[in-house]
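Peer 1: using only what follows, build the 3D model:
(2 chains)
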Amino acid sequence: MKAPSFAYAKPRSLAQAFELLGRPGAKILAGGQSLIPSLNLRLSSPELLVDITGIAGLSKIEILNGAVRIGALCTHSQLEKSEDVRKHLPLIAEAVAHIAHPAIRNRGTLGGSLALADPAAELPACALALDAVLIISTKKGERRVSAADFFKGLFETDLEPGEILAGAEFPKADKSVFLELTRRQGDYAIVGLAGVTRSAQKRIAFFGVGAKPVLVKPGSLEEAKSALPMPSADLYHTASTKLHLARVLLERAWNRL
Amino acid sequence: MEQTLNVTLTVNGAQVTRNVPARQHLVDFLREELGLTGSHIGCEHGVCGACTIRVDGEIVRGCLMLAVQADGCRVDTIEGLSDSKELEKLQKAFHEKNALQCGFCTPGMLMAAQDLVRQGKKISREQIRNHISGNYCRCTGYQAIVDAIEEVING
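Peer 2: As a prediction, the model looks like this:
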């Protein structure tokens, strides 16, 4: 299908973007790899798309002390090819290869994935497992929110209307593992997990199991298995199948953490 | 009133300027404004890959990009890469192995496969299947397509 009619603007600065986002029916467009399908399917009908890809400074990867700051406009391909990401955040490097297909990874962005908060998406789970801090630009300045507080529900985040996700800081981990089950490469996850160990504490975030990624911080494998809440069923898998598969992934991941 | 914007982009080496509706996606622009009907429109929501084109040297879904977003970009389509002979080896292999199935996905398959060929590394059949997984449509098992791509890449 064809998208409904909308207006389009491409601001060159955050100040311009904030002004445009104050207009009625305005919506942020970044890579567009989820928004444009939803427009084409007429699931979304904004009046104005504010294309933020012309704003400088939002696609950098910076090494900080003990963490990596990634700009919201970094594409999945950029993350996939980055030596810094591979070295300091192997979890993210592993995860991005599971996101859709090369042609989509070339346009889709980190910020778009985090801000959309699709329950089957890889990067929100990585952010939760790594205890990332999301950096949000507002008219008044910048605010920082932990991943645990950012993801609120199904496609629901802490972002207020008019705010722009500028990037995220991902603290490094000692060990990490990323596993995902799909019917075919690039399909939506049936279930998946992003797990890290930091200072002997395991943090495992499951995705595809409910409205938002679910974090467990278990002391033992048995504890982890019982800490996992009953997933919601999807069109193809019952809740008990998903629970079983999540536990299978947990067993596969456990000795690598 | 529908908003229209002026865009200037380079398509297959030639600069074009047009006034386009904000909501027009890039494949509709290529097909309807420029008559380049080699890029196919299948699902229009990023699943089938029949609209795969190159923007600034990287493959993208043409249906998941607005024409206005391509302002200032270099766009290459199946027509351009055929004329420049960049796809010659793949096209010959597809022809010889009858790697067409129903043929609707073929332009997108060639664009995605060429992305792999350009990486210049020998790879397994499984890696080829993973790479073209974004171009699966409906018919048959892609066996002959994998054969053709494998022959070009691994010789």
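Peer 1: contacts, neighbours, all on C-alpha from now
Peer 2: OK.
Peer 1: pull the contacting residues for the closest residue to A:P161 other than its chain neighbours.
Peer 2: With sequence-adjacent residues excluded and distances taken as C-alpha to C-alpha, 6 or more residues apart in numbering or on different chains, A:P161 is closest to A:L21, at 7.9 Å. If you count contacts by C-alpha atoms under 8 Å, 6 or more residues apart in numbering or on different chains, A:L21 has them with A:K27, A:I28, A:V50, A:P161, A:G162.
Peer 1: and with 7 Å instead?
Peer 2: Applying C-alpha atoms under 7 Å, 6 or more residues apart in numbering or on different chains to A:L21 gives the contacts A:K27, A:V50, A:G162.
Peer 1: got the CA coordinates for stretch A:73-84 in CSV?
Peer 2: Extracted in CSV, the C-alpha atoms of stretch A:73-84 (Å, rounded to 0.1, in the frame of the first residue of the first chain):
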residue,chain,number,x,y,z
LEU,A,73,21.9,7.9,14.3
CYS,A,74,24.5,5.1,14.1
THR,A,75,23.2,2.5,11.7
HIS,A,76,23.2,-1.2,12.5
SER,A,77,25.8,-1.6,9.7
GLN,A,78,28.0,1.0,11.3
LEU,A,79,27.9,-0.9,14.6
GLU,A,80,28.5,-4.2,12.8
LYS,A,81,31.6,-2.9,11.1
SER,A,82,33.0,-0.9,14.0
GLU,A,83,36.2,-2.3,15.5
ASP,A,84,35.5,-0.3,18.7
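Peer 1: that one near chain B at all?
Peer 2: No - Stretch A:73-84 lies out of reach of chain B by C-alpha under 7 Å from any C-alpha of the partner chain, never closer than 10.0 Å.
Peer 1: burial check on residue 64, number of neighbours?
Peer 2: Since no chain was named, I'll use chain A. Counted with other C-alpha atoms under 10 Å in any protein chain shown, the neighbours of A:L64 add up to 12.
Peer 1: meant chain B actually
Peer 2: Counted with other C-alpha under 10 Å, residues neighbouring B:L64 total 28.
Peer 1: go on, A:E122?
Peer 2: Neighbour count for A:E122, taken as other C-alpha under 10 Å: 32.
Peer 1: I figured it hits A:A95, correct?
Peer 2: Yes - contact criterion C-alpha atoms under 7 Å: A:E122 and A:A95 qualify, at 6.2 Å.
Peer 1: buried subset of the contacts of A:L21?
Peer 2: Buried by 16 or more other C-alpha atoms under 10 Å in any protein chain shown: A:K27, A:V50, A:G162, out of the contacts of A:L21.
Peer 1: check the contacts of A:L21 one by one and keep those near chain B.
Peer 2: Of the contacts of A:L21, not one also sits near chain B (C-alpha under 7 Å from any C-alpha).
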